[in-house]
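Student: Give me a model of this one.
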Amino acid sequence: MAETRTDSVGLNSSQQLHLLSSAQHADKLLAEVESILTASRSRSAFPKYKNPLPPAQAKVVEDYLSRIRAQIVRVLESQDVAVPEPAFESVHAMRVTLAFIRIAFQECTPDRMRGYGKVPDSKVRELNGLVDEMVAAVDKLDAYLAQGLAQDLDARLENLARAGADVGLLSVLQRIIANHGLVEFRQTLAMIVERLESKNFEIALFGRVSSGKSSLLNHIVDREILPVGVNPITAVPTRLVFGDSPRLSIWYADRSPEKTDITRLPEFVSEQQNPANSKHVTRIVAELPSARLKDGVVLVDTPGLGSLATSGAAETLAYLPRCDLGVVLIDAGSTLTEDDLATVRTLYEAGIPASLLLSKSDLLKPADREQSLRYISEQVRSQLRLTIPIHPVSIEAKQSSLLEAWLTEVLLPLYERHQQLAQESLRRKIGSLREAVVTALRLRLDRAPDAGSVDVNEIDSALRQTVGRIAEVRDLCVQTAQTVRDEGDRALEAAADALNATWSEGSSDSTAVVEKELVRIAAESSRTISTALNELATALAESLQSTSDALGFENVHPEDDLGTAIKEMPRLDPGDLKIDIHPTLLMKLAKRTSVRQIHNGLRRQIGAQVDEAFLNLGRMLDSWARQTLSELQRRFEVHADTYRAHLHRMRTHTGLSSTERAAIRADLEELGASVEESAEAVPVR
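Tutor: You can find the predicted model right below:
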């Protein structure tokens with residue numbers, strides 16, 4: 001019987017799939033060979049392979065691997081098998097893997113290790129520090145991957161150079177940091193580049209409702225952009241920045257940001273169209289082609305500092321460090337209030353200079369205006385012990401010279417001074433970064449300093465113990481914030497007692513007495529958080545300073561960075577209290593009975609409102625404390641990472657090739673540093 005033969009155009013789909021699967025499996029095995037080759041030369045903490053191939057042989061293996069892979073592709077193409085596109089984004093895959101690494105270390109906290117036995121008390125702080133240290137390290141890489149092309153420092157430096165900035169030394173530092181794997185300096189370098197890119201001078205306006213703030217801002221930018229005569233409802237500043245054409249950008253807490261027509265701004269900042277911030281707005285930026293914004297001036301509209309401390313505090317407090325000048329508007333049609341003074345006080349406590357404007361000055365005759373200016377100046381001086389000039393302004397055409405005088409005589413000189421101070425600060429930071437990089441290079445070149453000069457393990461352990469304090473403070477803040485949420489009834493009891501006492505003295509301003517007691521109890525309950533955070537900031541700064549002293553680093557002042565991380569703490573906002581309790585009948589009762597009756601009355605009339613106010617305060621304190629702790633840890637890690645890398649290099653003394661030594665010497669010479677190979681060149685003692 002003759003052999004039958006079936007000819008076809010090519011392999012059927014099943015055969016093609018089998019060939020593709022075999023090729024993919026082969027490629028996976030080749031990747032394993034490649035990983036073995038790489039792993040044998042890696043610096044893994046837990047090496048799996050030994051006896052690595054010499055470089056020449058390793059190169060031959062890599063060439064063979066490349067050739068086999070190319071041949072696999074040709075084989076598939078010859079059989080009309082399409083090579084599938086990659087299924088996953090590399091950055092996404094890496095970030096998912098980092099998430100699992102983060103979880104792995106979070107499972108090592110003292111609380112989660114109790115299932116393996118009781119953790120010794122002496123090890124709790126260090127174990128917390130170990131976890132936080134590793135999570136912070138993973139988070140840095142995750143943040144770098146998340147920012148993607150924005151972290152291309154070479155491209156950003158080139159853009160700055162084209163714009164006329166002197167970035168010669170920064171470009172050299174960037175190249176050296178990249179070439180020598182000095183990753184601990186990337187964050188500092190990125191921060192310096194970010195400050196060079198942003199020459200903005202941010203002016204935030206604060207004022208009570210109807211103080212004329214929005215009208216004044218509209219007049220300054222010469223456009224009716226901000227709604228006038230409405231109550232702002234979010235604590236999110238509206239930032240007015242320069243743009244070639246009008247545009248509005250809105251960020252939300254629960255969805256992606258959007259860019260829209262600028263005429264829609266009232267939809268997001270007015271009580272009528274966005275009641276109780278139901279749209280969950282977190283940030284607003286309005287771009288305008290205004291000449292007043294073109295030189296880098298950014299105007300920021302706020303709903304008032306009192307509101308900032310009570311509504312959406314986390315987002316707003318995150319903004320405050322970016323504020324270069326706080327402008328407080330005092331309404332000429334009313335009088336100076338405690339809220340105005342509190343706003344000025346808070347700005348100065350946060351290290352933000354303030355300028356005072358007497359708005360609607362056209363309402364006053366010249367003599368009355370001068371008298372009002374003197375009165376405000378005296379009150380600020382006597383109550384705040386500050387001497388701040390008060391400038392009258394108006395948007396009326398006949399009084400426009402007043403506003404122009406403030407802009408040209410006060411605002412522009414401040415902007416120029418700010419730019420000068422910013423440049424001086426940047427020069428100091430660049431100089432410090434250069435010295436740190438030089439130190440790292442010298443240590444590599446000169447190998448180990450005198451082994452007895454520094455106890456590396458002791459320094460490393462001390463840093464870890466300090467990081468462990470962050471976890472302890474975090475737990476304390478969470479517990480305290482939870483306690484504050486339930487303080488409503490205690491506050492009402494204190495208010496009842498205070499009311500009874502003031503009625504005995506003949507006072508009858510019940511609402512003022514109750515509000516004062518509610519605020520006092522809230523501040524008393526919250527004080528634990530602010531105290532703990534301030535003590536932590538001091539401890540972190542002291543730890544960094546002692547470490548820098550031990551390693552011989554100079555010109556290190558970590559308290560400058562850490563001390564400014566803690567801003568105004570959220571305050572209680574009891575709202576408009578409606579109290580209708582009369583002392584006449586209650587004064588005839590015994591004190592205990594009278595206080596109980598007052599408390600019952602307050603509970604009926606404002607109990608739910610007070611409970612809600614304390615609940616909101618607890619939530620805000622929790623959010624504010626977490627954010628502040630995160631910022632403290634971030635600033636601490638910028639310095640600590642440098643020290644850890646320094647300590648690591650002191651532990652590892654692998655030999656350098658002649659090529660590597662020559663490269664380090666060349667880089668040190670380019671940085672203007674000595675290249676003598678001696679232990680004396682290493683600033684370690």
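Student: care to break the chain down by domain?
Tutor: What automatic domain parsing lists as the domains of the chain is 13-85, 202-395, 454-652.
Student: nearest to A663, of those domains?
Tutor: domain 454-652 (16.0 Å; CB to CB). No exception for glycine: its C-beta is placed from N, CA and C like everyone else's.
Student: which neighbours does the helix or strand where T282 lies have in its sheet, and in what orientation?
Tutor: Secondary structure assigned from DSSP states H and E places T282 in strand 281-288. On the basis of DSSP bridges, the sheet neighbours of strand 281-288 come out as strand 238-242 (parallel), strand 247-252 (antiparallel).
Student: what is the rounded mean pLDDT of the first one?
Tutor: Spelled out, that is strand 238-242. The average pLDDT within strand 238-242 is 88.
Student: can you tell me which of the domains of the chain the model trusts least?
Tutor: domain 202-395 has the lowest average pLDDT among the domains of the chain, namely a mean of 78.
Student: where are the low-confidence patches of the stretch 51-200 of the chain?
Tutor: 146-152, 163 (pLDDT under 70).
Student: Show me the helices in it, by range?
Tutor: Secondary structure of the stretch 51-200 of the chain (DSSP state H, counting those that start in this stretch): helices at 55-78, 90-106, 121-147, 153-162, 168-179, 186-197.
Student: M113: which of those helices is closest?
Tutor: helix 121-147 (7.3 Å).
Student: Name the next helix or strand downstream of the host helix or strand of M650, please.
Tutor: In this assignment (DSSP H and E), M650 forms part of helix 591-651. As assigned by DSSP H and E, the chain's next helix or strand after helix 591-651 is helix 658-670.
Student: And for that following helix, what's in contact with it?
Tutor: Defining contact as CB atoms under 8 Å, 6 or more residues apart in numbering, one finds that helix 658-670 is touched by 172, 176, 179-180, 438, 441-442, 444-445, 656, 674-675.
Student: related to what we said a few turns ago, report the next helix or strand after the strand holding T282 in sequence order.
Tutor: Downstream of strand 281-288 (by DSSP H and E), the next one is strand 297-301.
Student: in that following strand, what's buried?
Tutor: By neighbour count with 16 or more other CB atoms under 10 Å, strand 297-301 contains the buried residues 297-301.
Student: follow-up on the earlier one: what inclination does the helix holding M650 have with respect to helix 186-197?
Tutor: 110 degrees (axes from the mean of the first three to the mean of the last three CA atoms, to 10 degrees).
Student: Between helix 121-147 and helix 591-651, find me the angle.
Tutor: Using the same axes, to 10 degrees, helix 591-651 lies at 70 degrees relative to helix 121-147.
Student: what separates helix 591-651 from the chain centre, distance-wise?
Tutor: 17 Å (CA atoms, centre = their mean, to the nearest Å).
Student: and if you look at stretch 27-42?
Tutor: 40 Å.
Student: quick one on the thing from earlier: using CSV, lay out the domains of the chain together with distance to E670.
Tutor: CSV is the format used below for those (distance: least, CB to CB, whole Å):
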stretch, distance to E670
domain 13-85, 27
domain 202-395, 32
domain 454-652, 20
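Student: So for F185, which of the ones you listed sits nearest?
Tutor: domain 454-652 (6.8 Å).
Student: Pretty sure S543 sits against R464.
Tutor: No - applying CB atoms under 8 Å as the test, S543 and R464 come out as separate, 10.1 Å apart.
Student: where along the stretch 201-350 of the chain do the helices fall?
Tutor: 213-221, 266-269, 305-308, 313-319, 338-349.
Student: and the first one, how far from the chain's centre?
Tutor: Helix 213-221 sits 29 Å away from the centroid of its parent chain (CA atoms, centre = their mean).
Student: quick one: contacts for L217?
Tutor: 205, 225-226, 240, 299, 301.
Student: Out of the residues you listed, which two sit at the greatest distance?
Tutor: Pairwise over the contacts of L217, using CB to CB, the maximum falls at L205 and I225, 13.4 Å.
Student: more crowded one of these two?
Tutor: L205 (25 against 21; other CB atoms under 10 Å).
Student: which residues touch that one?
Tutor: L205 neighbours (CB under 8 Å, 6+ apart): 213, 216-217, 299-302, 327, 329.
Student: Who does it form a beta bridge with?
Tutor: Applying DSSP bridges, one finds that L205 bridges with D301, V327.
Student: roughly how far apart are it and K567?
Tutor: Applying CB to CB, to the nearest Å, the value for L205 to K567 is 18 Å.
Student: For F105, find the nearest of the domains of the chain.
Tutor: With CB to CB, the closest approach to F105 among those belongs to domain 454-652: 12.4 Å.
Student: doesn't G607 make contact with L577?
Tutor: No - with contact defined as CB under 8 Å, L577 does not reach G607; the gap is 11.3 Å.
Student: Let me know which of the domains of the chain is the nearest to I103.
Tutor: It is, among the domains of the chain and with distance given as CB to CB, domain 454-652, at 16.4 Å.
Student: So which of the contacts of helix 658-670 is the closest to S359?
Tutor: Nearest member of the contacts of helix 658-670 to S359, counting by CB to CB, is V172, at 50.3 Å.
Student: Could you check how far the closest one is from V610?
Tutor: From V172 to V610 the distance is 61 Å (CB to CB).
Student: of those two, who's got more company?
Tutor: Between V172 and V610, counted using other CB under 10 Å, V610 has the larger neighbour count: 26 against 16.
Student: Which of the domains of the chain sits closest to I430?
Tutor: Of all the domains of the chain, domain 454-652 sits nearest to I430, with 12.1 Å by CB to CB.
Student: Can you give the distance of that closest one from its chain's centre?
Tutor: On CA atoms, centre = their mean, the centre of domain 454-652 falls 19 Å from that of its chain.
Student: got it, and stretch 415-422?
Tutor: That offset, for stretch 415-422, works out to 23 Å (CA atoms, centre = their mean).
Student: Outside of that stretch itself, list whatever touches it.
Tutor: Contacts for stretch 415-422 (CB under 8 Å, 6+ apart): 195, 199, 201, 295-297, 324-325.
Student: Which one of the residues you listed is nearest to Q479?
Tutor: D324 (36.3 Å).
Student: The closest one contacts F201, doesn't it?
Tutor: Yes - the criterion here is CB under 8 Å, and D324 meets it with F201 at 5.2 Å.
Student: Run through the strands of the stretch 451-600 of the chain in chain order.
Tutor: Taking DSSP state E, counting those that start in this stretch, the stretch 451-600 of the chain contains no strands at all.
Student: residue ranges for the helices of it, please.
Tutor: Under the criterion DSSP H, counting those that start in this stretch, the stretch 451-600 of the chain carries helices at the ranges 456-485, 488-504, 510-551, 558-562, 583-586, 591-651.
Student: right, and those - which one's nearest I284?
Tutor: Across the helices of the stretch 451-600 of the chain, closest to I284 is helix 591-651 (CB to CB), at 19.5 Å.
Student: and the closest one with helix 456-485, angle?
Tutor: 160 degrees.
Student: angle of helix 591-651 against helix 510-551?
Tutor: 20 degrees.
Student: relative orientation of helix 591-651 and helix 488-504 in degrees?
Tutor: 130 degrees.
Student: Tell me how far Q399 lies from L358.
Tutor: When Q399 is compared with L358 (using CB to CB), they lie 11 Å apart.
Student: no no, S35
Tutor: Distance from S35 to L358, by CB to CB: 72 Å.
Student: Narrow the contacts of helix 658-670 to just the buried residues.
Tutor: 172, 176, 180, 438, 441-442, 444-445, 675.
Student: got these as a markdown table, with distance to V73 columns?
Tutor: As requested, the buried ones among the contacts of helix 658-670 are exported to a markdown table (distance: CB to CB, whole Å):
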| residue | distance to V73 |
| --- | --- |
| V172 | 41 |
| I176 | 39 |
| H180 | 36 |
| V438 | 48 |
| L441 | 43 |
| R442 | 48 |
| R444 | 41 |
| L445 | 45 |
| V675 | 48 |
